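Chemist: with the input below, show me the fold.
(4 chains)
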There are 2 protein chains.
Amino acid sequence: MAVGVGATSAKTAKCGASSPRLRADAVRNRERIIAAARETMVEFGADVPFDEIARRAGVGNATLYRHFADRLELIHHVTLSVMSRTADQAESVLAEESDAFRALRRFVHAAVEEKIGALCPLLSDGVDRDHPDLLAARDRLEAAVEALMGAARDSGQLRTDIAVGDLMVAITQLTRPLPGSSCVDFDKFVHRHLQLFLDGLQAPARSELPGCAATLEDLRRRKP
Amino acid sequence: MAVGVGATSAKTAKCGASSPRLRADAVRNRERIIAAARETMVEFGADVPFDEIARRAGVGNATLYRHFADRLELIHHVTLSVMSRTADQAESVLAEESDAFRALRRFVHAAVEEKIGALCPLLSDGVDRDHPDLLAARDRLEAAVEALMGAARDSGQLRTDIAVGDLMVAITQLTRPLPGSSCVDFDKFVHRHLQLFLDGLQAPARSELPGCAATLEDLRRRKP
DNA sequence: GACCAACCGGGGTGAGCCTCCCCGTTTCCG
DNA sequence: CGGAAACGGGGAGGCTCACCCCGGTTGGTC
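Modeler: Numbers count the residues shown, from 1 in each chain, chains lettered A, B, ... in the order given. Have a look, this model is predicted:
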């Protein structure tokens, strides 16, 4: 179910003045490493051995260290990748689907494939949450999802007491893989739960929610 | 069903013929270890260092090894503890609350405190899923939750296309803590999500669910 | 209240894993 | 086709964790 497009994410052409360009195979390997990292981290946690990531990417571990100074830098780029791909999803769904709530449903179910559940472990560690790239990716993602939700809200199909943060965190939690992943057909479960959750999002609201709606900015805040 | 008996966690008085009785402080420490293990495992994962568990329990690590031969045995008892406490909750809520769906809501929100999110990592590792004690605890839990759901279903407030497994897995996922737990007031979020999910559970169903309803037995099955 | 034994706590050790580097070889680009 | 950037695999160093041992302490019994 490769989402096709996906690409967008501006080519990694820049990278500072020091390296005028990156060799073709180097670029290819870099992409494969990030993809492998996303998969393995979402499966085994953010502290998965580098050798395992390298093995799955089909490269040597040295290549990994050549591209990323340390684990945090890799996590940083994985996070960017997930956010970017998810934003792509939101934008393309909004463009393709006429019915607003159906678009929201499609987006939520599509997020499973993007391994959005990986965001949660990633964001929690020691990454620099104030990095400009991260903030930019976040703003783009928030804008795209807010557009989806706004349309659904305007059409009267989405309850009005929730915000982007509520949706994203819930999706993240519901799609997180089980550590051992030994349960048969767990994906089927995930889509059931998402569907139930979406039913809860529909207007009219069936109950009053505790707390208050949260943006992605609210999520960035740390404990004192 | 009727498994209800359970007698709440029967005192650990037995334990084979070799040890006629356990000294009072030993019993106390054992309980504290299990409680600490539940907390730390739900927070850091099932592979949390034994020293950390011992530290939080306020005992030496040797005490831990004295009570549990290995990690798997500890996990086994933690799982039993979580199941038992959760079943207690379900039973007491059912007895106290007259409105069926309100009872279900109370149970779900109460499950957060029981760290039911710990079940998920625990069950997935290498524990013996066919152990008699585990099956008994599971049956008791399933009966208690099924009673809750059955009442809500009979009153026409709960959609009919879901089963105990659906609810338990969803609660488990939604209440799992973030690895770093560095986000402010995450508990508030959890209760929001649970509330939204519960709204999706209400009758009449707002959409058709993929897959089919699952029991706890279905969850026990492993991949080929 | 005193004895005996069960129980406890903390420090130490050995093993396993992971990170990171080094160097001969391969691949790309002009 | 030549130079250089990039690659892959193997290995050393470091770190953390599981597990054990022994002097001290606490609880139960007469």
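Chemist: so which bits of chain A are right by DNA strand D?
Modeler: Contact residues, chain A versus DNA strand D (CB under 7 Å from any atom of the strand): A:19, A:22-23, A:25-26, A:29-30, A:58-63, A:66-67. Glycine gets a C-beta too; all of them are placed from N, C-alpha and C.
Chemist: among those residues, name the buried ones.
Modeler: Buried members of the residues of chain A next to DNA strand D, scored by 16 or more other CB atoms under 10 Å in any protein chain shown, are A:Leu22, A:Asn29, A:Arg30, A:Val59, A:Thr63, A:His67.
Chemist: now these in a markdown table, with secondary structure?
Modeler: Listed next are those as a markdown table, based on DSSP: H, G, I helix; E, B strand; the rest coil:
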| residue | secondary structure |
| --- | --- |
| A:Leu22 | coil |
| A:Asn29 | helix |
| A:Arg30 | helix |
| A:Val59 | coil |
| A:Thr63 | helix |
| A:His67 | helix |
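Chemist: redo those as CSV? Include pLDDT.
Modeler: Formatted as CSV, these follow (pLDDT from 0 to 100):
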residue, pLDDT
A:Leu22, 79
A:Asn29, 95
A:Arg30, 96
A:Val59, 95
A:Thr63, 96
A:His67, 95
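Chemist: widest-spaced pair of the residues you listed?
Modeler: Greatest spacing in those, by CB to CB: A:Leu22 and A:Val59 (14.7 Å).
Chemist: roughly how far apart are A:Asp199 and A:Ala137?
Modeler: 30 Å (CB to CB, to the nearest Å).
Chemist: quick one: secondary structure of A:Ala213?
Modeler: coil.
Chemist: can I assume it is in contact with A:Thr160?
Modeler: No. Using CB atoms under 8 Å, A:Ala213 is not in contact with A:Thr160; the gap is 9.1 Å.
Chemist: which one's more surrounded, the two?
Modeler: Neighbour totals were compared for A:Ala213 and A:Thr160, and A:Ala213 leads with 15 against 11 (other CB atoms under 10 Å in any protein chain shown).
Chemist: list, one by one, the residues from chain A near DNA strand C.
Modeler: Residues of chain A lying near DNA strand C (CB under 7 Å from any atom of the strand): A:Arg23, A:Ala24, A:Asp25, A:Asp47, A:Pro49, A:Phe50, A:Asp51, A:Asn61, A:Ala62, A:Tyr65, A:Asp70, A:Arg71.
Chemist: inside helices: which ones of those?
Modeler: A:Ala24, A:Asp25, A:Phe50, A:Asp51, A:Asn61, A:Ala62, A:Tyr65, A:Arg71 (DSSP state H).
Chemist: for the last one, list the residues it contacts.
Modeler: For A:Arg71, the contacting residues are A:Ala46, A:Asp47, A:Phe50, taking CB atoms under 8 Å, 6 or more residues apart in numbering or on different chains as the criterion.
Chemist: pretty sure the last one sits against A:Ala62.
Modeler: No. A:Phe50 is not in contact with A:Ala62 according to CB under 8 Å; the separation is 10.0 Å.
Chemist: show me what contacts the nearest residue to A:Phe68 once chain neighbours are set aside?
Modeler: Distances taken as CB to CB, 6 or more residues apart in numbering or on different chains put A:Leu74 closest to A:Phe68, at 4.3 Å, once the chain neighbours are dropped. Residues near A:Leu74 by CB under 8 Å, 6+ apart: A:Ile33, A:Ile34, A:Ala37, A:Ile53, A:Leu64, A:Phe68.
Chemist: include distance to B:Arg192 when you put those into TSV, please.
Modeler: Shown next, in TSV, are the contacts of A:Leu74 (distance: CB to CB, whole Å):
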residue	distance to B:Arg192
A:Ile33	37
A:Ile34	32
A:Ala37	31
A:Ile53	35
A:Leu64	39
A:Phe68	36
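Chemist: just give me the closest of those residues to A:Phe186.
Modeler: Nearest to A:Phe186 among these, with distances taken as CB to CB, is A:Ala37, at 21.6 Å.
Chemist: that closest one is in contact with A:Thr79, isn't it?
Modeler: No. Counting by CB under 8 Å, A:Ala37 does not reach A:Thr79; the two are 10.2 Å apart.
Chemist: compare these two (neighbour count), which wins?
Modeler: A:Ala37 (28 against 23).
Chemist: perfect, I'm done here.
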